[in-house]
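Enquirer: structure for this input, please:
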Amino acid sequence: MNVSRARAAAAFIIIHHIIKKKPKRKARWWMKKFYVNRMQCGVKFLEDMRYEAVEDTIKNFTRMTTIEFEHFKSLIEPQMKKMDTQFREAISVTERLGITLRFLATGDSYTSLQYLFRVSKLSISRIVLEVCDALCNALKDWVKKLFTFNQFRIHSKSSSIEELEDGCKV
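Expert: Model prediction:
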């Protein structure tokens, strides 16, 4: 009887293990289907706007002219260029700049930009930071840096400014 009990216990353990086994996860893709056709449906309109010579359209969309857009693109292109992989196409510098300018110009949420450009919210959040950093690096000679408090105090004494707009004395 001990042998039959041992067999029954072993069979119970095996059956219990099979039943409790975790189901396999469904295979995931690198990109959701919504993002796969980005170049056909998503940002192709940005390219169309640039080459249709409809200056008002791109100016309304990015708040700058086509010439200014191309100038900024040429400034950041060496830093922002990404390589394509065999799994997916890299997001172009034009798309990256367009996403960032649209975000800065309108304050649209990442979710609305996601549907407009067909790029994931996570990618958009990274793109905006990368492009802003690249623009700051490219334009560092043209952008005036903020004063520290001590620098402001020295500057205000030399230009006879003694009081700030909100009434605080310096």
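Enquirer: so where's the chain uncertain?
Expert: The chain contains residues with pLDDT under 70 at 1, 21-55, 145-147, 152-170.
Enquirer: buried ones in the helix or strand where residue 77 lies, by neighbour count?
Expert: Secondary structure here is read from DSSP states H and E; on that basis residue 77 sits in helix 66-80. Buried residues in helix 66-80, counted by 16 or more other CB atoms under 10 Å: 66, 69, 72-73, 75-77, 80. All C-beta spots, glycine's among them, are computed from the backbone N, C-alpha and C.
Enquirer: same question, stretch 99-112
Expert: Buried, per 16+ other CB under 10 Å, within stretch 99-112: 99-103, 108, 110.
Enquirer: other residues contacting it?
Expert: Stretch 99-112 is contacted by residues 61-64, 69, 72, 113, 116-117, 119, 121, 124-125, 127-128, 131-132, 135 when judged by CB atoms under 8 Å, 6 or more residues apart in numbering.
Enquirer: could you find the closest non-adjacent residue to residue 91?
Expert: Nearest non-adjacent residue to residue 91, counting by CB to CB, 6 or more residues apart in numbering: residue 119, 6.2 Å away.
Enquirer: give me the number of residues near that neighbour?
Expert: Residue 119 has 21 neighbours, counted by other CB atoms under 10 Å.
Enquirer: let me know the secondary structure of it.
Expert: coil (DSSP: H, G, I helix; E, B strand; the rest coil).
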